[in-house]
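Participant: Any chance you can model this:
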Amino acid sequence: MPATPFRFFDVRVLRAERLSPAMVRVTFTGDDLSAFASGGRDQRFKLFLPRPGQDAPVLPDDLGDGWFAAWREMDPAVRAVMRTYTVRDQRRDPDELDVDFALHGGDHAPAGATDGPASSWARTARPGDRVAVLGPVEEDNGGVDFRPPPGTDWTLLTGDETALPAIAGILAQLPADTPAKVWIEVPGAEDAQPLPTKADADITWLVRENPQDNAVLEAVRTADLPTGTPYAWIAGESANVRALRRHLVGDRRFDRKAVKFTGYWRRGATEDDLIAEIE
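Facilitator: Sure thing, here's the model as predicted:
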(Lines give C-alpha, C1' and ligand atoms only; values in the text may rest on other atoms or scores of the structure.)
Protein backbone atom coordinates (compact mmCIF):
# COMPACT_ATOMS: atom_id res chain seq x y z
CA MET A 1 0.00 0.00 0.00
CA PRO A 2 1.41 3.46 -0.85
CA ALA A 3 2.43 5.78 1.99
CA THR A 4 -0.36 8.19 0.95
CA PRO A 5 -3.40 7.27 -1.17
CA PHE A 6 -3.10 10.46 -3.27
CA ARG A 7 -0.52 11.88 -5.67
CA PHE A 8 -0.19 14.53 -8.37
CA PHE A 9 -0.77 13.76 -12.04
CA ASP A 10 0.06 15.88 -15.08
CA VAL A 11 -2.82 15.52 -17.52
CA ARG A 12 -4.04 17.20 -20.69
CA VAL A 13 -7.38 17.68 -22.37
CA LEU A 14 -8.27 14.98 -24.86
CA ARG A 15 -11.67 16.40 -25.80
CA ALA A 16 -14.49 18.60 -24.50
CA GLU A 17 -18.20 18.03 -25.05
CA ARG A 18 -21.13 20.32 -24.22
CA LEU A 19 -23.67 18.11 -22.47
CA SER A 20 -26.26 20.82 -21.89
CA PRO A 21 -26.43 24.60 -21.48
CA ALA A 22 -25.19 24.21 -17.90
CA MET A 23 -22.68 21.35 -18.21
CA VAL A 24 -19.46 20.63 -20.09
CA ARG A 25 -17.67 17.27 -19.99
CA VAL A 26 -13.90 17.43 -20.30
CA THR A 27 -11.99 14.21 -20.91
CA PHE A 28 -8.38 14.09 -19.74
CA THR A 29 -5.52 11.78 -20.59
CA GLY A 30 -1.95 11.51 -19.35
CA ASP A 31 1.15 9.36 -19.59
CA ASP A 32 0.85 8.04 -16.02
CA LEU A 33 -2.93 8.18 -15.61
CA SER A 34 -2.88 4.39 -15.32
CA ALA A 35 -1.96 4.89 -11.64
CA PHE A 36 -5.08 6.99 -10.98
CA ALA A 37 -7.50 4.71 -9.09
CA SER A 38 -10.97 6.17 -8.67
CA GLY A 39 -13.17 4.64 -6.01
CA GLY A 40 -16.23 5.55 -8.08
CA ARG A 41 -19.43 6.89 -6.52
CA ASP A 42 -18.73 10.50 -5.42
CA GLN A 43 -14.94 10.29 -5.79
CA ARG A 44 -13.50 13.78 -5.38
CA PHE A 45 -10.09 15.11 -6.29
CA LYS A 46 -8.23 18.42 -6.54
CA LEU A 47 -7.93 20.09 -9.94
CA PHE A 48 -5.20 22.66 -10.62
CA LEU A 49 -5.66 25.06 -13.53
CA PRO A 50 -3.30 27.56 -15.14
CA ARG A 51 -3.86 31.29 -14.69
CA PRO A 52 -4.62 33.33 -17.82
CA GLY A 53 -1.47 33.57 -19.90
CA GLN A 54 0.08 30.41 -18.42
CA ASP A 55 0.60 27.25 -20.48
CA ALA A 56 0.43 24.98 -17.43
CA PRO A 57 -0.54 25.31 -13.76
CA VAL A 58 2.19 26.63 -11.49
CA LEU A 59 2.67 24.29 -8.52
CA PRO A 60 5.12 24.16 -5.60
CA ASP A 61 8.46 22.47 -6.18
CA ASP A 62 7.70 20.10 -3.31
CA LEU A 63 4.60 18.03 -4.09
CA GLY A 64 4.94 15.79 -1.06
CA ASP A 65 2.82 15.87 2.09
CA GLY A 66 3.53 19.58 2.59
CA TRP A 67 2.19 20.66 -0.81
CA PHE A 68 -0.80 22.59 0.57
CA ALA A 69 1.23 24.80 2.89
CA ALA A 70 3.72 25.41 0.07
CA TRP A 71 0.91 26.25 -2.36
CA ARG A 72 -0.63 28.73 0.09
CA GLU A 73 2.71 30.50 0.45
CA MET A 74 2.93 31.13 -3.29
CA ASP A 75 1.80 34.38 -4.92
CA PRO A 76 -2.00 34.04 -5.35
CA ALA A 77 -1.75 35.78 -8.72
CA VAL A 78 0.70 33.14 -9.98
CA ARG A 79 -0.07 29.87 -8.21
CA ALA A 80 -2.43 27.41 -9.90
CA VAL A 81 -6.16 27.82 -9.42
CA MET A 82 -7.26 24.97 -7.14
CA ARG A 83 -10.78 23.56 -7.19
CA THR A 84 -12.45 20.37 -5.97
CA TYR A 85 -14.24 18.19 -8.54
CA THR A 86 -15.83 14.77 -8.90
CA VAL A 87 -14.68 11.95 -11.16
CA ARG A 88 -17.57 11.39 -13.55
CA ASP A 89 -16.03 8.32 -15.16
CA GLN A 90 -12.71 6.58 -15.70
CA ARG A 91 -11.71 4.18 -18.47
CA ARG A 92 -8.69 1.97 -19.15
CA ASP A 93 -6.92 1.01 -22.38
CA PRO A 94 -6.60 3.87 -23.14
CA ASP A 95 -6.58 5.68 -19.78
CA GLU A 96 -9.15 8.48 -19.77
CA LEU A 97 -10.77 10.56 -17.04
CA ASP A 98 -14.12 12.36 -17.48
CA VAL A 99 -14.91 15.46 -15.41
CA ASP A 100 -18.22 17.34 -15.72
CA PHE A 101 -18.09 21.10 -15.12
CA ALA A 102 -21.20 23.05 -14.08
CA LEU A 103 -21.30 26.42 -15.86
CA HIS A 104 -22.50 29.26 -13.66
CA GLY A 105 -23.23 31.91 -16.29
CA GLY A 106 -25.55 31.66 -19.29
CA ASP A 107 -29.21 32.13 -20.09
CA HIS A 108 -30.60 30.33 -17.01
CA ALA A 109 -28.16 31.82 -14.50
CA PRO A 110 -29.32 34.29 -11.84
CA ALA A 111 -28.96 37.95 -12.71
CA GLY A 112 -25.34 38.98 -12.36
CA ALA A 113 -24.04 35.41 -12.09
CA THR A 114 -20.75 34.82 -13.88
CA ASP A 115 -18.43 31.89 -14.41
CA GLY A 116 -15.66 31.33 -11.92
CA PRO A 117 -12.12 30.42 -13.02
CA ALA A 118 -12.90 26.70 -13.42
CA SER A 119 -16.15 26.97 -15.37
CA SER A 120 -14.63 29.77 -17.47
CA TRP A 121 -11.69 27.47 -18.26
CA ALA A 122 -14.02 24.60 -19.11
CA ARG A 123 -16.00 26.70 -21.60
CA THR A 124 -12.90 27.15 -23.75
CA ALA A 125 -11.02 23.90 -23.01
CA ARG A 126 -9.24 22.56 -26.08
CA PRO A 127 -7.30 19.34 -26.81
CA GLY A 128 -3.78 19.61 -25.45
CA ASP A 129 -4.58 22.10 -22.66
CA ARG A 130 -2.52 21.17 -19.61
CA VAL A 131 -3.76 20.87 -16.02
CA ALA A 132 -2.77 18.90 -12.92
CA VAL A 133 -4.84 16.76 -10.58
CA LEU A 134 -4.25 15.45 -7.08
CA GLY A 135 -6.03 12.13 -7.16
CA PRO A 136 -6.18 8.69 -5.55
CA VAL A 137 -3.82 5.83 -6.27
CA GLU A 138 -5.94 3.27 -4.42
CA GLU A 139 -9.68 2.76 -4.79
CA ASP A 140 -10.51 2.73 -1.09
CA ASN A 141 -9.63 6.32 -0.19
CA GLY A 142 -10.88 9.26 1.84
CA GLY A 143 -12.19 11.06 -1.23
CA VAL A 144 -15.26 8.79 -1.39
CA ASP A 145 -18.05 9.83 0.98
CA PHE A 146 -20.99 7.69 -0.16
CA ARG A 147 -20.76 4.74 2.22
CA PRO A 148 -24.16 3.36 3.28
CA PRO A 149 -23.82 1.12 6.33
CA PRO A 150 -24.91 -2.51 6.41
CA GLY A 151 -28.64 -2.83 6.92
CA THR A 152 -29.57 0.11 4.69
CA ASP A 153 -32.92 -0.56 3.00
CA TRP A 154 -33.10 2.43 0.64
CA THR A 155 -31.15 5.50 -0.41
CA LEU A 156 -32.08 9.17 -0.72
CA LEU A 157 -29.98 11.36 -3.03
CA THR A 158 -30.38 15.09 -3.59
CA GLY A 159 -28.33 17.87 -5.14
CA ASP A 160 -28.12 20.68 -7.63
CA GLU A 161 -26.14 20.72 -10.88
CA THR A 162 -22.84 20.88 -8.97
CA ALA A 163 -23.71 17.54 -7.35
CA LEU A 164 -25.05 15.97 -10.55
CA PRO A 165 -21.76 14.23 -11.50
CA ALA A 166 -21.54 12.64 -8.05
CA ILE A 167 -25.18 11.55 -8.10
CA ALA A 168 -24.61 10.02 -11.53
CA GLY A 169 -21.58 8.13 -10.23
CA ILE A 170 -23.48 6.86 -7.21
CA LEU A 171 -26.44 5.70 -9.28
CA ALA A 172 -24.12 3.92 -11.70
CA GLN A 173 -22.73 1.80 -8.86
CA LEU A 174 -25.82 1.13 -6.75
CA PRO A 175 -26.61 -2.60 -6.64
CA ALA A 176 -29.42 -3.86 -8.84
CA ASP A 177 -32.94 -3.24 -7.55
CA THR A 178 -31.76 -1.00 -4.68
CA PRO A 179 -34.62 1.44 -3.93
CA ALA A 180 -33.52 5.07 -4.38
CA LYS A 181 -35.38 8.38 -4.21
CA VAL A 182 -33.55 11.11 -6.10
CA TRP A 183 -34.16 14.84 -6.50
CA ILE A 184 -31.90 16.99 -8.70
CA GLU A 185 -32.27 20.74 -9.21
CA VAL A 186 -30.99 22.16 -12.52
CA PRO A 187 -31.10 25.59 -14.17
CA GLY A 188 -33.27 24.51 -17.12
CA ALA A 189 -35.24 21.52 -18.35
CA GLU A 190 -32.65 20.85 -21.05
CA ASP A 191 -30.03 20.29 -18.33
CA ALA A 192 -31.57 16.96 -17.33
CA GLN A 193 -29.49 14.06 -18.62
CA PRO A 194 -29.70 10.26 -18.74
CA LEU A 195 -28.54 8.60 -15.53
CA PRO A 196 -27.95 4.90 -16.20
CA THR A 197 -28.46 2.70 -13.15
CA LYS A 198 -29.44 -0.83 -12.20
CA ALA A 199 -31.09 0.48 -9.04
CA ASP A 200 -34.84 0.92 -8.64
CA ALA A 201 -34.42 4.70 -8.82
CA ASP A 202 -37.24 7.24 -8.76
CA ILE A 203 -35.57 10.36 -10.20
CA THR A 204 -37.25 13.78 -10.08
CA TRP A 205 -35.77 16.75 -11.96
CA LEU A 206 -36.55 20.18 -10.50
CA VAL A 207 -36.13 23.20 -12.76
CA ARG A 208 -34.90 26.21 -10.82
CA GLU A 209 -37.47 28.99 -10.72
CA ASN A 210 -35.95 31.22 -8.06
CA PRO A 211 -32.28 30.85 -7.08
CA GLN A 212 -33.12 31.91 -3.52
CA ASP A 213 -35.61 29.07 -3.01
CA ASN A 214 -34.69 25.64 -1.68
CA ALA A 215 -36.65 23.61 -4.24
CA VAL A 216 -35.15 20.29 -3.15
CA LEU A 217 -36.17 20.83 0.47
CA GLU A 218 -39.73 21.70 -0.50
CA ALA A 219 -39.97 18.62 -2.73
CA VAL A 220 -38.67 16.29 -0.03
CA ARG A 221 -40.94 17.84 2.61
CA THR A 222 -44.05 16.77 0.71
CA ALA A 223 -42.74 13.43 -0.57
CA ASP A 224 -43.90 9.99 0.49
CA LEU A 225 -40.71 8.19 1.44
CA PRO A 226 -40.17 4.42 1.55
CA THR A 227 -40.31 2.49 4.78
CA GLY A 228 -37.26 0.79 6.20
CA THR A 229 -33.81 2.03 7.17
CA PRO A 230 -32.65 4.94 4.97
CA TYR A 231 -29.27 6.35 4.03
CA ALA A 232 -29.19 9.92 2.71
CA TRP A 233 -26.53 11.61 0.60
CA ILE A 234 -27.25 15.31 0.10
CA ALA A 235 -25.03 17.95 -1.52
CA GLY A 236 -25.18 21.39 -3.14
CA GLU A 237 -25.33 24.91 -1.73
CA SER A 238 -24.26 24.83 1.93
CA ALA A 239 -27.25 26.57 3.52
CA ASN A 240 -29.73 24.51 1.51
CA VAL A 241 -27.95 21.30 2.44
CA ARG A 242 -28.00 22.15 6.14
CA ALA A 243 -31.71 22.95 6.00
CA LEU A 244 -32.47 19.63 4.32
CA ARG A 245 -30.39 17.76 6.87
CA ARG A 246 -32.35 19.40 9.70
CA HIS A 247 -35.58 18.26 8.06
CA LEU A 248 -34.39 14.68 7.59
CA VAL A 249 -33.03 14.34 11.12
CA GLY A 250 -35.58 16.47 12.98
CA ASP A 251 -38.81 15.87 11.07
CA ARG A 252 -38.22 12.55 9.31
CA ARG A 253 -36.25 11.00 12.19
CA PHE A 254 -33.30 9.86 10.08
CA ASP A 255 -30.34 8.66 12.13
CA ARG A 256 -27.76 11.48 12.09
CA LYS A 257 -25.06 8.99 11.20
CA ALA A 258 -27.08 7.91 8.15
CA VAL A 259 -27.10 11.39 6.58
CA LYS A 260 -23.99 12.37 4.63
CA PHE A 261 -24.21 16.07 3.80
CA THR A 262 -21.70 18.17 1.85
CA GLY A 263 -21.73 21.84 0.92
CA TYR A 264 -20.23 21.90 -2.57
CA TRP A 265 -20.47 25.70 -2.63
CA ARG A 266 -21.66 28.62 -0.51
CA ARG A 267 -23.84 31.41 -1.82
CA GLY A 268 -21.82 34.62 -2.06
CA ALA A 269 -18.43 32.92 -1.62
CA THR A 270 -15.92 31.40 -4.02
CA GLU A 271 -13.61 28.52 -3.18
CA ASP A 272 -10.81 31.09 -3.03
CA ASP A 273 -12.80 32.92 -0.33
CA LEU A 274 -13.16 29.70 1.64
CA ILE A 275 -9.44 28.96 1.34
CA ALA A 276 -8.62 32.52 2.47
CA GLU A 277 -10.66 31.96 5.63
CA ILE A 278 -8.17 29.34 6.81
CA GLU A 279 -5.05 31.21 5.72
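
Participant: can you map out the helices along this structure?
Facilitator: For the chain, applying DSSP state H gives helices covering 67-73, 117-123, 164-173, 215-221, 238-246, 271-278.

Participant: export these to JSON lines and tack on mean pLDDT, mean neighbour count and distance to Gly53?
Facilitator: C-beta here means a position set from N, CA and C on the backbone, and glycine is covered the same way. What follows is the helices of the chain, written out as JSON lines (pLDDT from 0 to 100; neighbours: other CB atoms under 10 Å; distance: least, CB to CB, whole Å):
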{"stretch": "helix 67-73", "mean pLDDT": "96", "mean neighbour count": "14", "distance to Gly53": "19"}
{"stretch": "helix 117-123", "mean pLDDT": "95", "mean neighbour count": "19", "distance to Gly53": "13"}
{"stretch": "helix 164-173", "mean pLDDT": "98", "mean neighbour count": "23", "distance to Gly53": "29"}
{"stretch": "helix 215-221", "mean pLDDT": "98", "mean neighbour count": "18", "distance to Gly53": "39"}
{"stretch": "helix 238-246", "mean pLDDT": "97", "mean neighbour count": "18", "distance to Gly53": "32"}
{"stretch": "helix 271-278", "mean pLDDT": "63", "mean neighbour count": "12", "distance to Gly53": "18"}
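
Participant: among those, which is nearest Leu14?
Facilitator: helix 117-123 (13.8 Å; CB to CB).

Participant: Which neighbouring elements make contact with that closest one?
Facilitator: For helix 117-123, the packing partners by 3 or more CB pairs under 8 Å, 6 or more residues apart in numbering; DSSP states H and E come out as strand 23-29, strand 44-49, strand 81-86, strand 96-102.

Participant: Please render the helices of the chain as TSV that adds distance to Asp140 to the earlier fields.
Facilitator: Formatted as TSV, the helices of the chain follow (distance: least, CB to CB, whole Å):
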stretch	distance to Asp140
helix 67-73	22
helix 117-123	27
helix 164-173	14
helix 215-221	30
helix 238-246	25
helix 271-278	26
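
Participant: Quick check: which of the ones you listed is nearest to Leu156?
Facilitator: helix 215-221 (7.7 Å).

Participant: Return the distance of Gly250 relative to Val259.
Facilitator: Distance check for Gly250 against Val259: by CB to CB, to the nearest Å, it reads 11 Å.

Participant: Please apply the same query to Phe9.
Facilitator: Phe9 is 33 Å from Val259, by CB to CB.

Participant: what's the answer for Phe101, then?
Facilitator: Phe101 is 27 Å from Val259, by CB to CB.

Participant: Same drill for the two, tell me which one is more crowded.
Facilitator: Phe101 (27 against 19; other CB atoms under 10 Å).

Participant: List the contacts of the nearest residue to that one once chain neighbours are set aside.
Facilitator: Excluding its sequence neighbours, the residue lying closest to Phe101 (CB to CB, 6 or more residues apart in numbering) is Ala122, at 3.7 Å. The neighbours of Ala122, taking CB atoms under 8 Å, 6 or more residues apart in numbering as the test, are Ala16, Val24, Val26, Phe101, Leu103.

Participant: Out of those, which one has the lowest pLDDT?
Facilitator: Note: of the contacts of Ala122, the lowest pLDDT belongs to Leu103, at 94.

Participant: Show the backbone phi and psi for it.
Facilitator: Main-chain dihedrals, Leu103, degrees, to the nearest 10: phi -100, psi 130.

Participant: so what are the domain limits for the protein?
Facilitator: 6-140, 154-265 (automatic domain parsing).

Participant: so where is the protein shaky, pLDDT-wise?
Facilitator: Counting by pLDDT under 70, the chain shows low-confidence ranges at 1-3, 105-114, 270-271, 273-279.

Participant: in it, which spans are strands?
Facilitator: Assigned by DSSP state E, the strands in the chain fall at 6-20, 23-29, 44-49, 81-86, 89-91, 96-102, 130-136, 154-159, 179-186, 200-207, 230-237, 259-265.
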